[in-house]
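Chemist: only geometry, no sequence info:
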């Protein structure tokens, strides 16, 4: 019996017509966002050109939050779903990976922004400290996913971590309200509903959030398909090992 | 018959150290080691949070009044730089900052740089000496308000920080 445990990337591409279309939309939107952020919007009256970092920093932080929430929802759907479908687990894993990338991007851009406005790359203030903790938690989540065992064991173990870790997000978001922070308070999602940002700056920021969200969807779509292939390779390897034993016995 | 005997032979086979299983053992150690590193780093972050982040600064009106803001210890003090108070002399930046109708004189050894200016809220690190706050570090705590510096507002730009909402 001839077994092919490794799915061919030619036969099973991670892209579909829809995801390719989405990719093109994301690329063109990124070009427009770059144009808006670097050319069409004016400087801030106090911060000057430094404010342009906001069009990356805030969307990246938003997508990281979104990614970690998606990870928790997908983990819950795996754990409490009747089928215990590993598709949900793979979506959770893919979303967490993308979230860690965007959280890292948010930390780096925030650090650069901090140097230019606050005068320091890093301070252990409440927002920065809780964000660093959130980042470390999700790197830990990814390490837990890679600890070994069956796919179902991986899904259960990491699902518990995901459901606990997501509770940190409100702590991070409201840290500037709960404690005294060097980091400024929200400009858009203020408790009183006020928006303290001029028109085109606000539009560019919201457009950036939309574009980064689409990029997140595109990345998760592809990554979860790659994880499906990786799981299939693992399963194929097990099947091949069993077949080898059967052949030995014969 | 011999074939069937082989198929039912349940005696332990010779342990062959398969390269794949060694690889998979090594693979399991790496994430476990990473997890330990992450837990240690997480512990450091939590410690920093408990020791530094919760009370990141004292407001000007709390210096010498509030517990933890005693004038005898090193402090981080937050207030807005008073309009018309900023002077530079022999490498020093001298200004006063206020919060909640209380004012504090500050001397900073150097030029804070960046977006430091009058009317902007700052956090000064340092010590109280003879009623003056001697600072060795200034952090600008910019507001959450963003306004474009377009041509219509160019005249107002220099005084913009003073016109922005106070934190």
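Modeler: In hand now; what should we look at? Source: prediction; values computed, not measured. Numbering: from 1, shown residues only, chains lettered A, B, ... in the order given.

Chemist: residues in contact with residue A:222?
Modeler: Residues counted as contacts of residue A:222 (Cβ atoms under 8 Å, 6 or more residues apart in numbering or on different chains) are A:14-15, A:19. Just so you know, the C-beta spots here come from the backbone N, C-alpha and C atoms, and that holds for glycine as well.

Chemist: now list the buried members of these.
Modeler: For the contacts of residue A:222, a burial check counting by 16 or more other Cβ atoms under 10 Å in any protein chain shown picks out nothing.

Chemist: in JSON lines: those, plus pLDDT.
Modeler: Converted to JSON lines, the contacts of residue A:222 look like this (pLDDT from 0 to 100):
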{"residue": "A:14", "pLDDT": "78"}
{"residue": "A:15", "pLDDT": "81"}
{"residue": "A:19", "pLDDT": "90"}
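
Chemist: let me know how buried residue 44 is, in neighbour terms.
Modeler: No chain was given, so I picked chain A. Using other Cβ atoms under 10 Å in any protein chain shown, the number of residues around residue A:44 comes to 24.

Chemist: not what I meant, chain B
Modeler: Going by other Cβ under 10 Å, the residues that sit close to residue B:44 add up to 12.

Chemist: need the contact partners of stretch A:164-184.
Modeler: Against stretch A:164-184 from outside (Cβ under 8 Å, 6+ apart): A:65, A:68-69, A:71-72, A:118, A:123, A:125-131, A:133-134, A:137-138, A:141, A:185-186, A:191, B:53-57, B:78, B:123, B:139, B:141-144, B:167.

Chemist: what's the domain layout of chain B?
Modeler: Per the record, chain B has its domains at B:20-54, B:58-163, by automatic domain parsing.

Chemist: so for the host helix or strand of residue B:88, mean pLDDT?
Modeler: Taking DSSP states H and E as the criterion, residue B:88 maps to strand B:87-89. For strand B:87-89, mean pLDDT rounds to 89.

Chemist: what of stretch A:56-75?
Modeler: Here the average pLDDT along stretch A:56-75 is 97.

Chemist: pull out the buried residues from the lowest-mean-pLDDT helix or strand in chain A.
Modeler: Sorted by mean pLDDT, DSSP states H and E, the helices and strands of chain A end with helix A:175-178, the least confident at a mean of 85. Judged by neighbour count using 16+ other Cβ under 10 Å, the buried positions of helix A:175-178 are A:175-176.

Chemist: same deal with stretch A:75-89?
Modeler: Buried residues in stretch A:75-89 (16+ other Cβ under 10 Å): A:75-79, A:86-89.

Chemist: could you dump the residues you listed to TSV with distance to residue A:156 and secondary structure?
Modeler: Below are the buried residues of stretch A:75-89 laid out as TSV (distance: Cβ to Cβ, whole Å; DSSP: H, G, I helix; E, B strand; the rest coil):
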residue	distance to residue A:156	secondary structure
A:75	9	helix
A:76	12	helix
A:77	13	helix
A:78	8	helix
A:79	7	helix
A:86	11	helix
A:87	15	helix
A:88	12	helix
A:89	9	helix
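
Chemist: helices or strands up against the host helix or strand of residue A:23?
Modeler: Assigned by DSSP H and E, residue A:23 falls within helix A:17-35. Judged by 3 or more Cβ pairs under 8 Å, 6 or more residues apart in numbering or on different chains; DSSP states H and E, helix A:17-35 is in contact with helix A:199-249.

Chemist: the inter-axis angle of the helix it packs on versus helix A:17-35?
Modeler: Interaxial angle, helix A:199-249 versus helix A:17-35 (axes from the mean of the first three to the mean of the last three Cα atoms, to 10 degrees): 140 degrees.

Chemist: average pLDDT across helix A:199-249?
Modeler: Averaging pLDDT along helix A:199-249 gives 89.

Chemist: try stretch A:90-98
Modeler: Here stretch A:90-98 scores 97 as its mean pLDDT.

Chemist: for chain B, which segments count as strands?
Modeler: With DSSP state E, the ranges of strands along chain B come out as B:58-59, B:75-81, B:87-89, B:92-99, B:102-109, B:121-129, B:132-140.

Chemist: next, format those strands as CSV and append mean neighbour count and distance to chain A.
Modeler: Putting these into CSV (neighbours: other Cβ atoms under 10 Å in any protein chain shown; distance: least, Cβ to the nearest Cβ, whole Å) gives the following:
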stretch, mean neighbour count, distance to chain A
strand B:58-59, 20, 8
strand B:75-81, 23, 7
strand B:87-89, 10, 16
strand B:92-99, 19, 12
strand B:102-109, 17, 11
strand B:121-129, 20, 6
strand B:132-140, 20, 5
